[in-house]
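Novice: Here is a sequence together with a model predicted from it:
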Amino acid sequence: MINKLVEKIQKTNAPIVVGLDPMLNYIPQHIQDKAFRELGETLEGAAEAIWQYNKGIVDAICDLVPAVKPQIAMYEQFGIPGMMAYKNTVDYCKEKGLVVIGDIKRGDIGSTSAAYAVGHLGKVQVGSKKYAGFDEDFATVNPYLGSDGVKPFIDVCKEENKGIFVLVKTSNPSSGEFQDRMIDGRPLYEWVGEKVAQWGEEHMGDSYSYVGAVVGATYPEMGKVLRKVMPKAYILVPGYGAQGGKGADLVHFFNEDGLGAIVNSSRGIIAAYKQEKYASFGELNYADASRQAVKDMIEDISSALNNR
Ligand SMILES: O=c1ccn([C@@H]2O[C@H](COP(=O)(O)O)[C@@H](O)[C@H]2O)c(=O)[nH]1
């Protein structure tokens, strides 16, 4: 799957992933009204609204980008109907040829991680048959329980040709509270990055590993260091747009070959029509606003990379 991701990035010339993080208050009124008319102001109605909203966005951007990253929390808040909307979204994006990164941030003791890995990336044995669960292409993994929490994911990836992005340095303001703590002269995130590089060397695609890393766009200096620590790891970079990251901050997340990083924007794309810059599209044309926001993001990152 890492090979497919790299190929799609090269083909689209867009190291960009659109985050599908729907919140009801981003969803245009006409979509909410229709869903609530059909299913009532219920969890089912809300889930239908987020699914229709996602579909509009995916149709509008699927030829421009290689990948999407649905954030499972946004769906989970609507209970079982929300999880159905998550699964519909994953399947629809795959049908459209997009690589799907499930932002699930799982990681537990080994046996529990194994179940998460099977549920999201693998197949579960039921009697004589095997069934895929959510079946994303990649998942995000929290490594802070240690190797035995990560290894089951790697094993499933190897078997199923999938991949993971391991949280190394997250984009949020308080990520330094623990992740930047110095241990034997080096910050904890560097130790984790080194471990990701080690796991990666043992689990390679053609040019990059299927064990990638998450490093926030909001910490460009750390991104520069971590790029060197993990030369073969693809870096998933959240924090662009709504969290303040800009193209110019991101050049050092990429390798000299122009590859090695994929930048996420969620709210900045899916709720673009709410920004003054794209307001002229109007609520009805929310998906066209998202398409324009993707084009602007591609331009911002390409020009930063061309000028480095
Ligand atoms: O360090 C991290 C890890 C994950 N995320 C996730 O990415 C998106 C960002 O959304 P924006 O609207 O573009 O800010 C969201 O799903 C986060 O959970 C992150 O931001 N930082």
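Specialist: The structure has been received and is ready for your questions.
Novice: Next, count neighbours for the residue of the stretch 1-150 of the chain found nearest the ligand.
Specialist: For the stretch 1-150 of the chain and the ligand, the shortest gap (Cβ to the nearest ligand atom) falls at Gln71, measuring 3.5 Å. Using the backbone N, CA and C atoms, a C-beta is placed for each residue, glycine as well. Gln71: 21 surrounding residues under other Cβ atoms under 10 Å.
Novice: just Arg291 next, same as before
Specialist: Quick note: Arg291 (other Cβ under 10 Å) scores 22 neighbours.
Novice: Let me see the contact set for it.
Specialist: Ala60, Ile61, Leu64 (Cβ atoms under 8 Å, 6 or more residues apart in numbering).
Novice: need the residues you listed in CSV with neighbour count, secondary structure and distance to Gln198, can you?
Specialist: Putting these into CSV (neighbours: other Cβ atoms under 10 Å; DSSP: H, G, I helix; E, B strand; the rest coil; distance: Cβ to Cβ, whole Å) gives the following:
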residue, neighbour count, secondary structure, distance to Gln198
Ala60, 20, helix, 40
Ile61, 24, helix, 35
Leu64, 17, coil, 35
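Novice: tell me the contacts of the residue of the stretch 1-150 of the chain closest to the ligand?
Specialist: Contacts of Gln71 (Cβ under 8 Å, 6+ apart): Gly19, Leu20, Asp21, Asp103, Ser266.
Novice: do the same with Lys277
Specialist: With Cβ under 8 Å, 6+ apart, Lys277 has no contacts at all.
Novice: So it versus Ala289, what's the distance?
Specialist: 9 Å (Cβ to Cβ, to the nearest Å).
Novice: again, but for Asp180
Specialist: From Asp180 to Ala289 the distance is 37 Å (Cβ to Cβ).
Novice: Looking only at neighbour counts, state which of those two leads.
Specialist: Ala289 (25 against 14).
Novice: what secondary structure does the more buried one sit in?
Specialist: Under DSSP: H, G, I helix; E, B strand; the rest coil, Ala289 falls in the helix class.
Novice: which residues touch it?
Specialist: Ala272, Tyr273, Tyr278, Phe281.
Novice: For Asp21, give its distance to Gly176.
Specialist: For Asp21 relative to Gly176 (Cβ to Cβ), the value is 24 Å.
Novice: Look at the two and report which has more neighbours.
Specialist: A direct count of neighbours by other Cβ under 10 Å for Asp21 and Gly176 places Asp21 higher, at 24 against 16.
Novice: ok, what's across the strand from Met182?
Specialist: Here Met182 sits in beta bridges with Pro187, as judged by DSSP bridges.
Novice: Need the nearest residue in space to the residue most central in space within the chain, chain neighbours excluded.
Specialist: The chain has Lys69 as the residue nearest its centroid, 3.5 Å off, counting by Cα atoms, centre = their mean. Computed as Cβ to Cβ, 6 or more residues apart in numbering, the closest residue to Lys69 that is not its neighbour in sequence is Ile101, at 4.3 Å.
Novice: again, but for Leu39
Specialist: Gly45 (3.9 Å).
Novice: which strands and helices sit next to the helix or strand the one you found falls within?
Specialist: Using DSSP states H and E, Gly45 falls within helix 43-61. Where contact means 3 or more Cβ pairs under 8 Å, 6 or more residues apart in numbering; DSSP states H and E, helix 43-61 is packed against strand 16-20, helix 29-39, helix 72-76, helix 79-95, helix 267-270, helix 286-306.
Novice: Would you convert the ones you listed into CSV that also reports distance to Ala197 and mean pLDDT?
Specialist: What follows is the helices and strands packed on helix 43-61, written out as CSV (distance: least, Cβ to Cβ, whole Å; pLDDT from 0 to 100):
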stretch, distance to Ala197, mean pLDDT
strand 16-20, 22, 98
helix 29-39, 44, 98
helix 72-76, 27, 98
helix 79-95, 29, 98
helix 267-270, 30, 98
helix 286-306, 23, 97
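Novice: Please identify the deepest-packed of the ones you listed.
Specialist: Mean neighbour count (mean count of other Cβ atoms under 10 Å) peaks for strand 16-20 among those, with a mean of 27.
Novice: Residues in contact with that strand: which ones?
Specialist: Contacts of strand 16-20 (Cβ under 8 Å, 6+ apart): 54, 57-58, 61, 64-71, 74, 89, 93, 101, 103, 236, 238, 262-267, 269-270, 290, 294, 297-298, 301.
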